[in-house]
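Model the structure of this input:
(chains A and B)
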Number of protein chains: 2
Amino acid sequence: MTIMKYSELHTPLRTIMTPGPVEVDPRVLRAMSTPILGQFDPAFTHIMNEVMEMLRQLFQTNNRWAFPVDGTSRSGNEAVLCSIIEPGDCVLVPIFGRFGHLFVEICERYGADVHTMECSWGEVFEPEEVIAEIKKVSPKIVALVHGETSTGCMQPLKEIGQACRELDVLLVVDAVASIGGTDIKVDEWCIDAIIGGTQKCLSVPSGMAPITYNDRIEKILSERKKVERGIATAEDLRQVRKGIPIKSNYFDLSMLQDYWGPRRLNHHTEATSMLYALREGLRLVLEEGLEERFERHVFHEAALVAGLEAMGLTLFGNRKHKLTCVTCIEIPSGIDGESVRSMLLNQFGIEIASSFGPLQGKIWRIGTMGYSCRKENVLFVLGALEAVLLRHGFEVKRGEALQAALDVYMAEVKEPVKEE
Amino acid sequence: MTIMKYSELHTPLRTIMTPGPVEVDPRVLRAMSTPILGQFDPAFTHIMNEVMEMLRQLFQTNNRWAFPVDGTSRSGNEAVLCSIIEPGDCVLVPIFGRFGHLFVEICERYGADVHTMECSWGEVFEPEEVIAEIKKVSPKIVALVHGETSTGCMQPLKEIGQACRELDVLLVVDAVASIGGTDIKVDEWCIDAIIGGTQKCLSVPSGMAPITYNDRIEKILSERKKVERGIATAEDLRQVRKGIPIKSNYFDLSMLQDYWGPRRLNHHTEATSMLYALREGLRLVLEEGLEERFERHVFHEAALVAGLEAMGLTLFGNRKHKLTCVTCIEIPSGIDGESVRSMLLNQFGIEIASSFGPLQGKIWRIGTMGYSCRKENVLFVLGALEAVLLRHGFEVKRGEALQAALDVYMAEVKEPVKEE
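Numbering: from 1, shown residues only, chains lettered A, B, ... in the order given. Below you'll find the model as predicted:
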C-alpha cells in the first residue's frame, strides 16, 4: 500500500460564464454516476436508440443517422470531413473566426483543395457573397461555422443551404456553440451534415460530439464503406469498394453507422457514462421545449447586455448577427484584460473567457449557455465585473449594471400579472 | 413543455464479467458527479498534471509525456500511429488475434507499407520469430498487441523490445486490455509508445485512452509539428516543418503535447468528467499498489479457472501465455453459446462475452478485470454457468465448480493464520 500523495477529488465550485465548457446540469452529473451496462446489453442498445431519437429532435431532422462521435467537439468535425473528403476535392471555407481556420486545417490535412474567403472578425458573410463564391469555385463541399464562439457572431445559413442544394454542393455546418441554444432547422435549411457540441448549450461535459447527416452524405459513405478485417464476414470481404478508403478508422462514419445501426458491428466501446450524460442533457432540452429554451437564452442575453451597456462597456461585433449565447465585450483601453479575468476567478470564483488570434487581449467573452444561462449567474457576473473594473481604475457607472439587468428580469415577472 | 416519452435513466444492475467494459468502481462513478471546472482554471490544470504523474507510475515509466487521448481505446492506437507513420513507412504487425488486425487496418489507412506475420489464434509468437522477421523486413515500427482480448493470450515483450532498441526500430504496444491488471514495465522493456484502456483493468468507463511515449517518438513529432492557424503566433507561423504533416488534427500528438504541456495551447476542450474518472481510477490503482493489484488478478483467475475445470469445461488457448484477466472457454459441442449467454443475462443479470472472427461461436470469454475481479463475482458466475449449462443439457460435474473455487478462496484466508 503506497502512501497517497493524491487527495480525494475536491474541486472549487465555480460560476462558469465562458462560452464553454459551462456548468453541467446537476441532473446530468447525477446520471453519470449510474452503474454502467455492457455495450451490447439490450438495455444499453435501447439507450443508444433513444439518444438517436432525441438527437433527431434536437437537430430538427428526419435524418436516419444522428449519433454522437466519442470525442470532444472537433472530433465530430473531423469525422464528417474525413469521411466525405477524397484527396483533391474542392472545399470552400468562409472564415469569420477561429473555427473557420479549424475547418481549413482539417480539410487540408485530408488532402482537400481548400478555397477560403474571409471577412473581418466580428462580422459574418452576406449569404449572396458566399453563394457567388460557390458559383465561382464549384466546390464539392462548403464547410461553414454557424455560431463562431471566438467572435460571438452567428452566420445565417438558410439561403446558403438552399443554394448549395440547388447547385448540388454539400453543406457541412459546425454548430458546436449554437446547438440547443438557438434555432437550427437542419432539414429546412438544407444542411447535409452538422456537428453539435455537448459542453456548451447542452450543459453536458465535453467528450462527445453529436452529429447528424442525410442520405447525400450516406451515399458517399456507402461507396467508401469497409468492414474491419478482424470482424468481417466472407460476404463483407467480397464487397468491392468504389471510393477511396476513408483515412481514419476511428472517424470512419461508415463503420460508426454499422455500430449504431441494426447490425451492431463492434467498432469502439461506446463511452457509457458520457452517453448517460448526453441522454440526460437531451431529456432536459426536450422537457424544456426547443422554443422555450431558445427564448430563455434570448431573455438572459438581454439582461446581460443591458447590464454591460449600463455599466459603460462597449460590445464587440456586429449586433445584427450576434450569437445569443456569447457576448463579446471590448476591453477598455488601459485595462489589463487578463488581470480582470484573474481577479474575477480568484475573488469571486467566476470564469469568463478571453479570445484567440487577432482578438487576443482585445475582448472578453461571456457565455450564457445551457445551465449557466440563468438569472443568478447573470446578476453575479455583472456585480462582480463592476467591482473588479472599479478596482482596476476603470470608472464604470456605479450601480447601474444590476439595476438595468433587474429591469429586464422584473419586467418579465410583471407581465403575466397584467395578462390576468 | 413536451410530454416526455423518455423516462429517467433506470438501468438494470448487472454483474459484468466480460473482458470490458467492466463494472466501474463506485468511487469512480461518484467522482464523475463532481461539478466541472473550466479547462484553463488552475484548479483543473493541476488535475491534468496529477493525472500525468499518476499515468507515469501506472506505465512504470519516466517518459515526459503520459496523458489520455479523448476517445475510446482505439483512439489511442490511431493517435500514436498516425502521428509517427509517414506514407510508405514500413510497419511490421505480428497478428495473433483481432486487435493485430486493427493495427494493420489503421496503418494501412495512413499509408504504411504493412508487413504481417500470423500465428493461430490462441497462441503467441516466440520472441525469436518476431526478431527474425524484424531483421528480415527492417521496419520503422513494430506494432504489437500485449494482451489480446479476442483470444485471451499475452505476448511476451521484453526480448522483442530490447531487439527493437538495438535495431533502432520503434515498438508500439497495445496494452488496452492488460494495463493495470498485469505487470508492464514500459521503460525496462524498451517500449517506445504504449496505449492503455480505461474500461478494462482500470474500471473507469470507456471514453479515454491513456498513452505514453518516449523521446524517440517525440523527435518524430517535433519534425512534423504544427500550431493551428487560428491560434498560431507569428513565431509559430515562421517555423518550417521538415516532416510530412500529420493527417489527423484531432490525433496530432504534437498538438496534444502543447495542450498538456506548459504552453497549454488550446486544442480540444478536455473531457472534464472523464478526466475526474480517470484520476480516481488511477488513485485506486496506486492505493492498492501495482504488485498487489497484479497479484489480486492472478488470485481470482486461479479461483475462476479451478471452478471452470472442476465443472468439466476446457479452457481455450495456450496456458503458458494466458492473459491473467481474460479466461477463454471452449463452447462444448452441441451447445448454443449465444443461448447460454442470453440465459446468463436474462436470468442472472450476468454478462460474459463471445469472440470474433474465427473464434465466433467457438469460445466464451470471461473477464476478471479491475473492480469486476472480486470473489462474489467469480463465485456468482461459476454457480450461474453451472445452472445454465445443466439447463442446456450439458452434464457438468454438479456442485464441483464452487467447491473448487472456494478451495482457492478459503485456502487464502487460512494462510495469514498459519503465519501468526
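
hey, where'd the helices end up in the stretch 51-200 of chain A?
Assigned helices in the stretch 51-200 of chain A, in chain order: A:73-84, A:98-109, A:127-137, A:158-166 (criterion: DSSP state H, counting those that start in this stretch).

Which elements pack onto the helix or strand hosting residue A:379?
In this structure, residue A:379 is located in helix A:375-391 according to DSSP states H and E. Identification of packing neighbours for helix A:375-391 by 3 or more Cβ pairs under 8 Å, 6 or more residues apart in numbering or on different chains; DSSP states H and E yields strand A:15-16, helix A:290-311, helix A:337-348, strand A:350-351, helix A:400-419. C-beta here means a position set from N, CA and C on the backbone, and glycine is covered the same way.

and the residue lying closest to residue A:88 once chain neighbours are set aside, how many neighbours?
In space, residue A:88 comes closest to residue A:113 once its chain neighbours are excluded; the distance is 5.8 Å by Cβ to Cβ, 6 or more residues apart in numbering or on different chains. The criterion is other Cβ atoms under 10 Å in any protein chain shown. On that basis, residue A:113 has 16 neighbouring residues.

do residue A:291 as well
When counting by other Cβ under 10 Å, one arrives at 9 neighbours for residue A:291.

now the spatially most central residue of chain A, nearest residue through space, not along the chain?
For chain A, the residue sitting closest to the mean C-alpha position, by Cα atoms, centre = their mean, is residue A:176 at 1.6 Å. The spatially closest residue to residue A:176, leaving aside those adjacent along the chain, is residue A:197, at 3.5 Å (Cβ to Cβ, 6+ apart).

Was I right to think the one you found contacts residue A:22?
No - proximity of residue A:197 to residue A:22 does not meet the contact threshold set by Cβ atoms under 8 Å, at 10.4 Å.

Could you chop chain A up by domain?
The record's domain parsing of chain A by automatic domain parsing lists A:26-285, A:290-419.

Provide a complete list of residue ranges assigned to strands in the stretch 1-150 of chain A.
Counting by DSSP state E, counting those that start in this stretch, the stretch 1-150 of chain A forms strands over residues A:15-16, A:65-69, A:90-95, A:113-118, A:141-145, A:147-148, given from the N-terminal end onward.

What helices and strands are in contact with the third one?
In terms of contact count using 3+ Cβ pairs under 8 Å, 6+ apart, strand A:90-95 is assigned the packing partners helix A:98-109, strand A:113-118, helix A:127-137, strand A:141-145.

that older thread, any chance of JSON lines for the helices of the stretch 51-200 of chain A, columns mean neighbour count and mean pLDDT?
What follows is the helices of the stretch 51-200 of chain A, written out as JSON lines (neighbours: other Cβ atoms under 10 Å in any protein chain shown; pLDDT from 0 to 100):
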{"stretch": "helix A:73-84", "mean neighbour count": "27", "mean pLDDT": "98"}
{"stretch": "helix A:98-109", "mean neighbour count": "24", "mean pLDDT": "97"}
{"stretch": "helix A:127-137", "mean neighbour count": "16", "mean pLDDT": "98"}
{"stretch": "helix A:158-166", "mean neighbour count": "19", "mean pLDDT": "98"}
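
Kindly report the residues of the stretch 201-350 of chain A close to chain B.
Residues of the stretch 201-350 of chain A that fall close to chain B, judged by Cβ under 8 Å from any Cβ of the partner chain: A:205-207, A:228-231, A:245-251, A:266-274, A:276-277, A:279-280, A:282-283, A:286-289, A:292, A:345.

Just the ones in helices from these, please.
A:272-274, A:276-277, A:279-280, A:282-283, A:286-288, A:292, A:345 (DSSP state H).

Top of those residues by number of neighbours, please.
Compared across these, residue A:277 has the highest neighbour count, 31 neighbours, by other Cβ under 10 Å.

so what's it up against?
Residues touching residue A:277, when contacts are defined by Cβ atoms under 8 Å, 6 or more residues apart in numbering or on different chains, comprise A:24, A:28, A:31, A:32, A:198, A:204, A:205, A:208, B:273.

Just the pLDDT for the nearest residue to the third one once chain neighbours are set aside.
Leaving aside its sequence neighbours, residue A:31 sits nearest to residue A:280 (Cβ to Cβ, 6+ apart; 3.8 Å). Here the pLDDT value assigned to residue A:280 is 98.

Residue A:280 and residue B:411, how far apart?
According to Cβ to Cβ, to the nearest Å, residue A:280 and residue B:411 sit 46 Å apart.
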